[in-house]
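Engineer: Provided below for reference: sequence and predicted model.
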Amino acid sequence: IRETLESHPLLYSDTETALRETYLKVDRSLSDCHGMEAFFSGTTAVTVLIQNDTIWTANVGDSRAVIAKKLIKGRFLAKNISNDQNPNSPPEQERIEKAGGFVSPPPEPGLSSRVWLDEGMTQVGLAMARSIGDHAVKSIGVVADPEVLSFGIDEEDDVFIIIASDGVWEFITSQEAVDIVAKRIKFGCKNATKALIDTASQRWKAVEGDYRDDITALVIKIPCFPEDH
């Protein structure tokens, strides 16, 4: 995604279009290069692009970007700057069902709704409404078109950004993640990121034993490139 986006001719003049077209191009390239792999497998993706005083996010699936805003007394407020695209979110479910797909509700609190090819809900069972790859369900409304959002940067109150894959968010809320990072950010982004990943790993171990989903994460301080550096 990064290489494709960097080479897009509209990156600076029409950033929203550049982000959308980048995701769709990468999705098509998987079909061209990887055949059946991209038919039955895929990935979430979240991108954060900072241009001057604007943050752009693009997202498919349930990876997430969160910004920490400064409050009083050393506390921080978590604000999601991307939206999880779960199959049972009303606009996502409507699109999927209009395309002939089927959506099952979460079997219990904390678990995911799923997308199915058949009414008997035996085929595929994808736990996100948008993705790169997963071409087996592209015909029933699971799209690679990202949701693109933009936000102004407030350098007085915006302190850091967390970008993390869906496994991090399985057992950790956005606010909890911000609290974990805030305690360690003074020791550097790498240290804070490790604390978040370690916590996610421990939660998975406690609930699922030896199994865990992907728990990739990045922490970025704001401003990213201070003028005196």
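Structural biologist: The structure has been received and is ready for your questions. Numbers count the residues shown, from 1 in each chain.

Engineer: C-alpha from now on. contacts and neighbour counts both.
Structural biologist: Will do.

Engineer: ranges for the helices of the chain?
Structural biologist: 2-6, 15-34, 36-40, 90-98, 166-169, 174-184, 189-208 (DSSP state H).

Engineer: distance to Glu147, mean pLDDT and mean neighbour count added to the ones you listed, as JSON lines?
Structural biologist: Shown next, in JSON lines, are these (distance: least, CA to CA, whole Å; pLDDT from 0 to 100; neighbours: other CA atoms under 10 Å):
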{"stretch": "helix 2-6", "distance to Glu147": "15", "mean pLDDT": "96", "mean neighbour count": "13"}
{"stretch": "helix 15-34", "distance to Glu147": "8", "mean pLDDT": "90", "mean neighbour count": "18"}
{"stretch": "helix 36-40", "distance to Glu147": "21", "mean pLDDT": "75", "mean neighbour count": "16"}
{"stretch": "helix 90-98", "distance to Glu147": "11", "mean pLDDT": "95", "mean neighbour count": "17"}
{"stretch": "helix 166-169", "distance to Glu147": "16", "mean pLDDT": "94", "mean neighbour count": "22"}
{"stretch": "helix 174-184", "distance to Glu147": "19", "mean pLDDT": "97", "mean neighbour count": "19"}
{"stretch": "helix 189-208", "distance to Glu147": "25", "mean pLDDT": "95", "mean neighbour count": "17"}
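
Engineer: right, and those helices - which one's nearest Ser63?
Structural biologist: Among these, the nearest to Ser63 by CA to CA is helix 166-169 (4.3 Å).

Engineer: one step back: looking at the helices of the chain, spot the one closest to Asn52.
Structural biologist: Across those, closest to Asn52 is helix 15-34 (CA to CA), at 12.6 Å.

Engineer: same list, the helices of the chain, but as a markdown table with distance to Gly133 please.
Structural biologist: Converted to a markdown table, the helices of the chain look like this (distance: least, CA to CA, whole Å):
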| stretch | distance to Gly133 |
| --- | --- |
| helix 2-6 | 16 |
| helix 15-34 | 6 |
| helix 36-40 | 5 |
| helix 90-98 | 16 |
| helix 166-169 | 16 |
| helix 174-184 | 26 |
| helix 189-208 | 25 |
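
Engineer: of all these, which lies closest to Leu149?
Structural biologist: Across the helices of the chain, closest to Leu149 is helix 15-34 (CA to CA), at 8.1 Å.

Engineer: and for the closest one, what's in contact with it?
Structural biologist: Contact with helix 15-34 is made by 1, 4-5, 8-11, 38-39, 58, 132-133, 135, 144-146, 148, as judged by CA atoms under 8 Å, 6 or more residues apart in numbering.

Engineer: so who does Gly125 touch?
Structural biologist: 114-117.

Engineer: which of those sits closest to Ala99?
Structural biologist: Within the contacts of Gly125, the smallest distance to Ala99 is 10.3 Å, found for Leu117 (CA to CA).

Engineer: do you know how far the closest one is from His135?
Structural biologist: 12 Å (CA to CA, to the nearest Å).

Engineer: who's more crowded, the two?
Structural biologist: Per other CA atoms under 10 Å, whichever of Leu117 and His135 has more neighbours is His135, with 24 against 20.

Engineer: can I assume the more buried one is in contact with Phe39?
Structural biologist: Yes - at 4.3 Å, His135 counts as touching Phe39 under the criterion of CA atoms under 8 Å.

Engineer: look up phi and psi at the residue nearest the centre of the chain.
Structural biologist: Residue closest to the mean C-alpha point of the chain, counted by CA atoms, centre = their mean, is Ser63 at 2.3 Å. The phi/psi pair for Ser63 (degrees, to the nearest 10) reads phi -70, psi 170.

Engineer: now do the contacts for it.
Structural biologist: Contacts of Ser63 (CA under 8 Å, 6+ apart): 44-46, 84, 163-167, 169.
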